[in-house]
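Asker: pasting the structure only:
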């Protein structure tokens, strides 16, 4: 008669559970340490208003990004290519 094959399923499951627990604790520790590191920096952000909000002209929505320079033709709504950039000054 053939003997029943023994498997290591129990050891594999124990290893899987142990590895999962270790990885979870490692990730939790990284999150805790990161939060503790940035704890004081988050409080200092709200103390002053951003510079872009103070410089936005009236009637222009504040997007938080610097404005893109536009040629006078494009600002007037005329089609055509933008003028070439000015060459750098040579000493």
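Answerer: Okay, I see it. None of the values given here were measured: they were computed from a predicted structure.
Asker: all contacts plus neighbour counts: C-alpha atoms, from now on.
Answerer: OK.
Asker: For residue 10, grab phi and psi.
Answerer: Geometry field for residue 10 lists phi and psi as phi -60, psi -40, criterion degrees, to the nearest 10.
Asker: quick one: pLDDT of it?
Answerer: The confidence metric pLDDT takes the value 92 at residue 10.
Asker: low pLDDT regions in the chain?
Answerer: 1, 42-62, 64-67, 71, 73-75, 79-80 (pLDDT under 70).
Asker: which residues in it form helices?
Answerer: Shown for the chain, the helices assigned by DSSP state H span residues 9-37, 39-45, 51-55, 72-76.
Asker: In CSV, list the ones you listed along with distance to residue 2 and mean neighbour count.
Answerer: As requested, the helices of the chain are arranged in CSV below (distance: least, C-alpha to C-alpha, whole Å; neighbours: other C-alpha atoms under 10 Å):
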stretch, distance to residue 2, mean neighbour count
helix 9-37, 20, 11
helix 39-45, 65, 10
helix 51-55, 81, 10
helix 72-76, 87, 11
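Asker: Which among those helices is found nearest to residue 88?
Answerer: Nearest to residue 88 among the helices of the chain is helix 72-76 (20.7 Å), distances taken as C-alpha to C-alpha.
Asker: With distance to residue 91 as added columns, please give the helices of the chain in JSON lines.
Answerer: JSON lines is the format used below for the helices of the chain (distance: least, C-alpha to C-alpha, whole Å):
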{"stretch": "helix 9-37", "distance to residue 91": "48"}
{"stretch": "helix 39-45", "distance to residue 91": "43"}
{"stretch": "helix 51-55", "distance to residue 91": "34"}
{"stretch": "helix 72-76", "distance to residue 91": "29"}
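Asker: of those helices, which approaches residue 82 most closely?
Answerer: Residue 82 lies closest, by C-alpha to C-alpha, to one member of those: helix 72-76, at 7.4 Å.
Asker: what's the spacing between residue 36 and residue 29?
Answerer: Computed as C-alpha to C-alpha, to the nearest Å, the residue 36 to residue 29 distance reads 11 Å.
Asker: what do you get for residue 78?
Answerer: Separation of residue 78 from residue 29 (C-alpha to C-alpha): 59 Å.
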